[in-house]
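In: pasted the sequence and its predicted model underneath.
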Amino acid sequence: MKLTIEQSKLAEILETAYLAISPKPTDPILGNILLIADEDGIVSATGTNLNLTIHTTTTANVEISGQVALPAKLLTDTVSNVRGEITLEVENQACIITHNSGKCRLIGGKSDEFPTLPKAENPTEINLSAKKLQAALEGTLYCASSDETKLVLTGVNFKIDTNKWQAASTNSHKLALVTGTLDSEYSDPINFTVPGKSLGELNKILSQSADTSVCNILLSDRTIEFSLPNTKLISRLLEGEYPKINSLIPRSFEYEFTLERKGFESALKRVSYLAERKQKVVKILWELEATQATLYTEATDIGDAVDSVLMKSVTNNSENISIGLNIDYLIEGLKHISTDEIVVRCNKPTQPVIVCPMGGLLNQLYLVMPVEIKQGFEKVNSQSTKAKVSTQSEPSTEEVTEVSTQTECSTEEVANVAQATDDSETPQIETPSVVAKDTTKGKLTSRSPRTKKEAATA
């Protein structure tokens, strides 16, 4: 094999293929990238760890076609540190790389031992905008579980019903759901779960794709292939039934609050420094008459903090509501919302809290379970925080009115999302049932045990 190629083009395909290489491969050949050059001037790079395979191509001046398996990290690092035009010449298993200031020789493995690309049998074809797919991954991947004992929860679950699709993830304490529509309709429902690690690498590839590109998806019983211009990512699917999370989403809400996202996130970060390091609980008092949300955290050995942000309330209820939430979960959810304003919806202090963006490319919601808190913090000097609220976080009356009428994530739409599954679905499933039980009692792992005195106060 002999070819001449620009360093930037070769480096790009090598870095993409390297995403699939395991840091500790189970077989020495899996630590290599397979380079193939054909007579038509197409050069491909393939990396795999058997669960994930990435195949990407580019063009080059190919004098002699052939293939070679070379050490992935060594090859990628070598090419990334040279400039200009590169010549690759392979003899047996050795590859000589010549560049404008020198050359080097790499010894590779046997290319015929490299695993072949898995082929899908009778696949179902799905076409989805690359930009929408990336938005769905950004809005769900962070909620996937890292607990390998519940393997199916480490992935993102996709469902397609006629021309509607959704992507969802949960780790039993928080839940993310993104929905959209397809150009085509499917007569039979489609349900599959893709490993979060595979989708994380796909997300990196999608971030470099053109906004107008389309991702062609080929789905078979055990594998899925995401095909983009010049790149294919093939992943094994996760086995097992994914929890029926739609049944956990409330269908109606007593309270609805509109806030400026950055202002709310900044206030959460300010009080987070004085939250208990283990429990990380923030207590939020939604004050309807004062149209502000007061945030309070405390750590027995450090101190406490109080802050507030302005909000707009839409509710028929005249009573204030106080809710305890894991502050890290809440901040993490806000980071994955791109709109300037958000809507927070809730019912009782022991029921799930829903956070939705105002507008956006797709319908998106984030559900976080509440934490039981000691009542009485409402009397903390919240009135003194009114003057400290940033004027930048206060939406004008006209803006709030306009946003309230134009939001794409209304209560009715959330109800429609919940109705996307069969009405016969119930929350009697392993993981979500535990969540529902924890919330009813207000007991989550992030809450520290209450003392008898605190319990009496509550």
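Out: Thanks, I have it. Numbers count the residues shown, from 1 in each chain.

In: wait, doesn't Gln67 sit right on Leu34?
Out: Yes. Counting by C-beta atoms under 8 Å, Gln67 touches Leu34, with 6.5 Å between them. For the C-beta atoms, the positions are set from N, CA and C on the backbone; glycine is no exception.

In: need the residues touching each of those two.
Out: Ser111 (C-beta atoms under 8 Å, 6 or more residues apart in numbering).

In: between these two, which one's more packed in?
Out: Per other C-beta atoms under 10 Å, whichever of Gln67 and Leu34 has more neighbours is Leu34, with 25 against 16.

In: which strands and helices sit next to the helix or strand where that one lies?
Out: Per DSSP states H and E: Leu34 is located in strand 32-37. Packing partners of strand 32-37 (3 or more C-beta pairs under 8 Å, 6 or more residues apart in numbering; DSSP states H and E): helix 7-18, strand 42-48, strand 66-71, helix 72-80.

In: which of those has the highest mean neighbour count?
Out: Stretch with highest mean neighbour count among the helices and strands packed on strand 32-37: strand 42-48 (a mean of 23; mean count of other C-beta atoms under 10 Å).

In: neighbouring strands - and their directions - for that strand?
Out: Strand 42-48 has the following strand partners under DSSP bridges: strand 32-37 (antiparallel), strand 52-59 (antiparallel).

In: report the angle between it and helix 72-80.
Out: 140 degrees (axes from the mean of the first three to the mean of the last three C-alpha atoms, to 10 degrees).

In: just the CA trace of strand 42-48, in PDB.
Out: In PDB, the C-alpha atoms belonging to strand 42-48 read as follows (Å, rounded to 0.1, in the frame of the first residue of the first chain):
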ATOM      1  CA  ILE A  42     -10.800   6.400  -0.900                       C
ATOM      2  CA  VAL A  43      -9.000   5.900   2.400                       C
ATOM      3  CA  SER A  44     -10.900   4.500   5.400                       C
ATOM      4  CA  ALA A  45     -10.000   4.200   9.100                       C
ATOM      5  CA  THR A  46     -11.800   1.800  11.400                       C
ATOM      6  CA  GLY A  47     -11.600   1.400  15.100                       C
ATOM      7  CA  THR A  48     -13.600  -1.100  17.300                       C
END
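
In: need the residues that contact that strand.
Out: Contact with strand 42-48 is made by 3, 5, 10, 13-14, 16-21, 30, 33-37, 53-60, 62, 72, 114-115, 117, as judged by C-beta under 8 Å, 6+ apart.

In: buried among those? Make that a ChimeraX selection.
Out: In ChimeraX, this line selects whichever of these come out buried by 16 or more other C-beta atoms under 10 Å:
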select :3,5,10,13,14,16,17,18,19,20,21,30,33,34,35,36,37,53,54,55,56,57,58,60,62,72,114
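
In: tabulate the helices and strands packed on strand 32-37 in TSV, adding columns for mean pLDDT and distance to Lys348.
Out: Shown next, in TSV, are the helices and strands packed on strand 32-37 (pLDDT from 0 to 100; distance: least, C-beta to C-beta, whole Å):
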stretch	mean pLDDT	distance to Lys348
helix 7-18	96	48
strand 42-48	97	49
strand 66-71	95	58
helix 72-80	95	53
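
In: which one of those lies nearest to Ser213?
Out: helix 7-18 (14.8 Å; C-beta to C-beta).

In: what's the neighbour count on the closest residue to Thr258 other than its chain neighbours?
Out: Sequence neighbours aside, Lys312 is the residue nearest to Thr258 in space, at 4.2 Å (criterion: C-beta to C-beta, 6 or more residues apart in numbering). When counting by other C-beta under 10 Å, one arrives at 20 neighbours for Lys312.

In: among the strands paired with strand 42-48, which comes closest to Arg251?
Out: So among those, strand 52-59 is nearest, using C-beta to C-beta, at 37.8 Å.

In: return the set of buried residues in the helix or strand just after that closest one.
Out: Per DSSP H and E, strand 52-59 leads on to strand 61-64 as the next helix or strand towards the C-terminus. Across strand 61-64, burial judged by 16+ other C-beta under 10 Å covers Val62.

In: who are the packing partners of strand 61-64?
Out: strand 2-6.

In: report the angle between the strand it packs on and helix 7-18.
Out: 100 degrees.

In: what does strand 2-6 rub up against?
Out: By C-beta under 8 Å, 6+ apart, strand 2-6 touches 37, 43, 58, 60-64, 66, 84-90.

In: what strands flank it, and is each parallel or antiparallel?
Out: Short version: by DSSP bridges, strand 2-6 pairs with strand 61-64 (antiparallel), strand 85-91 (antiparallel).

In: show the contacting residues for Leu74.
Out: Leu106.

In: any idea how far Asn127 is from it?
Out: To Asn127, Leu74 is 38 Å away according to C-beta to C-beta, to the nearest Å.

In: dig out what the closest residue to Asp183 other than its chain neighbours forms beta bridges with.
Out: Take Asp183 and drop its neighbours on the chain: the residue closest to it by C-beta to C-beta, 6+ apart is Asn127, 6.9 Å away. Beta bridges link Asn127 to Asn216, judged by DSSP bridges.

In: correct me, but Asn127 touches Ile217?
Out: Yes. If you go by C-beta under 8 Å, Asn127 and Ile217 touch, sitting 7.2 Å apart.

In: ok, the two, which is more surrounded?
Out: For Asn127 versus Ile217, the count of surrounding residues by other C-beta under 10 Å is larger for Ile217: 19 against 12.

In: quick check: the gap between that one and Ile224.
Out: Counting by C-beta to C-beta - Ile217 and Ile224 are separated by 7 Å.

In: try Thr315
Out: Counting by C-beta to C-beta - Thr315 and Ile224 are separated by 43 Å.

In: beta partners for Leu70?
Out: Where Leu70 sits in a bridge, its partners, by DSSP bridges, are Ile33.

In: contacting residues around the strand holding Leu34?
Out: 1, 3, 14, 17-18, 21, 43-47, 60, 62, 64-72, 75-76, 88, 108-109, 111, 114.

In: repeat the analysis, applying 6 Å as the threshold.
Out: Contact partners of strand 32-37, identified using C-beta atoms under 6 Å, 6 or more residues apart in numbering, comprise 1, 3, 17, 43-47, 62, 65, 67-72, 75, 109, 114.
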